[in-house]
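Student: The sequence and its predicted three-dimensional model are supplied below.
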Amino acid sequence: MQVGIDMGLASGAPATLDIEELLATRLLVQGNSGSGKSHLLRRLLEQSAQWVQQVIIDPEGDFVTLSDRFGHVVVDGERTEAELAGIANRIRQHRVSCVLTLEGLDIEQQMRAAAAFLNGMFDADREYWYPVLVVVDEAQMFAPSVGGDVSEDARKASLGAMTNLMCRGRKRGLAGVIATQRLAKLAKNVAAEASNFLMGRTFLDIDMARAADLLGMDRRQAEMFRDLKRGHFVALGPALSRRPLPIQIGSVETSARSSSPKLMPLPESPQDVEDLIFTPDPEEFQRPVVRRAPPAPRPTTDILAELSRSTPAASPIQAEPRVVQPEISAEEREERLAGVLSEILDDPGSGFRTDAVLYQDFLVRLRMRRVPGPPMSLPEFRRRVAVSRSGVDAETAASENWSTALSLSASVTDDLQGVFLMLAKAAVCGEPCPSDARIARAYGTHSARRARRLLGYFEEQGSIVVHTDFSGKRIVAFPDIGCQTAPGDANAPDDSNGREAAE
């Protein structure tokens, strides 16, 4: 049965969303705080409440008001993980819409509770695989792109549950609708499974570029996301529109318990205002003392780095002396560091792993080979990786032009240094300009469009000048170095070793 719900207006006509198609293709909503994401989700939930079972993962408790109007069961997240999994299983059995409110829990507790609830729905028996619309607000909290201040096991549990929802949930009747303030903070493997998009107002270049990439728009069109009004979104997907379509979200019947702040005049100050402020209330002494939360756990990379620097203390009952590692020269240590780094980068899959993951692997390998001395920091590691991936040889590395290129790369962000130095090396050595596929691999992606966007970004910053010769091949020039690449085919494929395929 095909059911279309009214989401608002698109060019003066009703904007219809196909619920049946949405259940098969999933939805991603993006917009900065105040862009109207929660209003959009509320409109979607209200319009589809009579047609499909709904489950809302609500970190702020904003959607509990749906229970008064549409009969959603409110589930408090302050329960054990076993209780939440059991409730989720019974929710699927009896096809009851519910709101899992996580208000009052800290971020790690919210992640664990959401993971237990989503896994409970995911693990339901096959006979209860009825269609369910699973809405997750603030999805970047439950599927972060990088580790934060939460424990690793909580992050893995939450990310795994969100991945199951978006990647494997369709066959079990689970249709994910995820909303996030920033695409850059949302795990890519979770966002990539959505086929429908509603992109709202955003200001950061990286988020605008990623939103435009998902909608198939170029860099110039991405600027429009800055000018979107509150409640205005650009829609694309089989359940919405085959072409990017501006939509104004319609009104809602219910309201959130929290709302945007409104200005209101201050009250007149009483004459005895100092007495009111500095005189304690007798009940204050009877209130329990609120203890501060324990410090946030340290990132894994910091712990590994500290373990690599420190040496274990001798046990008081240890009779035999501890074996001291032999000292090695600075040249030999540098050779071992370069060898470990080469081992990591020789792996074909290393180009598509984050620097943080490679850095952890690097520290573990150093400890296994018992390389003495303090390990290099993460910024230094990123710098060495960028230089290694550029493929520069010893003779070129000693040249003045390469020294200038290294100085120029210092003004580029860490994630772009590898691409910048690879282009600079091609220019210094007079090699053909790298293709889009090779530039994309150096950036850790398969998107040729993103590679061209990187070249446009470098050109906007004044670092390079891109032009073509008479045959249409691309040339990248570096004005500050005074050299340029040889003409190269931008559409040439890239083999597994990162070298241009033979023409």
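Tutor: Right, received. Where do you want to start?

Student: residues contacting the residue nearest to Leu228 when sequence neighbours are not counted?
Tutor: With C-beta to C-beta, 6 or more residues apart in numbering as the criterion, Leu228 has its nearest non-adjacent residue at 4.2 Å, and that residue is Arg201. (Each C-beta comes from the backbone N, C-alpha and C, glycine too.) Counting by C-beta atoms under 8 Å, 6 or more residues apart in numbering, Arg201 touches 31-32, 34-35, 225-230, 232.

Student: In TSV: the residues you listed, plus secondary structure.
Tutor: Below are the contacts of Arg201 laid out as TSV (DSSP: H, G, I helix; E, B strand; the rest coil):
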residue	secondary structure
Gly31	coil
Asn32	coil
Gly34	coil
Ser35	coil
Phe225	helix
Arg226	helix
Asp227	coil
Leu228	coil
Lys229	coil
Arg230	coil
His232	strand
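
Student: what's the helix or strand for Glu21?
Tutor: With secondary structure defined by DSSP states H and E, Glu21 is part of helix 19-25.

Student: who does the following helix or strand past that helix touch, helix- and strand-wise?
Tutor: Counting by DSSP H and E, the next helix or strand C-terminal to helix 19-25 is strand 27-30. Packing contacts for strand 27-30, counted by 3 or more C-beta pairs under 8 Å, 6 or more residues apart in numbering; DSSP states H and E, involve helix 37-48, strand 174-180, strand 196-199, helix 205-215.

Student: Show me how far strand 27-30 is from its chain's centre.
Tutor: Centroid displacement of strand 27-30 relative to its chain, using C-alpha atoms, centre = their mean, to the nearest Å, is 13 Å.

Student: Nearest residue to Ala405 in space, please, no chain neighbours.
Tutor: Computed as C-beta to C-beta, 6+ apart, the closest residue to Ala405 that is not its neighbour in sequence is Ala424, at 3.8 Å.

Student: How about Asp414?
Tutor: Arg382 (4.7 Å).

Student: other SSEs contacting the one helix or strand that neighbour maps to?
Tutor: According to DSSP H and E, Arg382 maps onto helix 378-390. When contacts are defined as 3+ C-beta pairs under 8 Å, 6+ apart, helix 378-390 packs onto helix 330-345, helix 355-368, helix 417-429.

Student: ranking the helices and strands packed on strand 27-30 by mean pLDDT, which is last?
Tutor: Lowest mean pLDDT within these: helix 205-215, at a mean of 75.

Student: who touches that helix?
Tutor: Contacts for helix 205-215 (C-beta under 8 Å, 6+ apart): 28, 30, 182-184, 191, 197, 199, 202, 218-219, 221-223, 225-226, 234, 236, 244, 447, 449-450, 453.

Student: per-residue confidence at the residue nearest to Leu228?
Tutor: In this model, Arg201 carries a pLDDT of 86.

Student: what's the answer for Asp272, then?
Tutor: Looking at Asp272, its pLDDT stands at 68.

Student: before we move on, back to that, convert the helix holding Arg382 to CSV, retaining C-alpha atoms only.
Tutor: Extracted in CSV, the C-alpha atoms of helix 378-390 (Å, rounded to 0.1, in the frame of the first residue of the first chain):
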residue,chain,number,x,y,z
LEU,A,378,50.3,12.3,16.8
PRO,A,379,50.8,15.6,14.9
GLU,A,380,54.4,14.5,14.1
PHE,A,381,53.1,11.1,13.0
ARG,A,382,50.6,12.7,10.7
ARG,A,383,53.4,14.9,9.2
ARG,A,384,55.6,11.8,8.6
VAL,A,385,52.7,9.9,7.0
ALA,A,386,52.0,12.8,4.7
VAL,A,387,55.7,13.0,3.6
SER,A,388,55.9,9.3,3.1
ARG,A,389,52.8,9.1,1.0
SER,A,390,54.1,11.9,-1.2
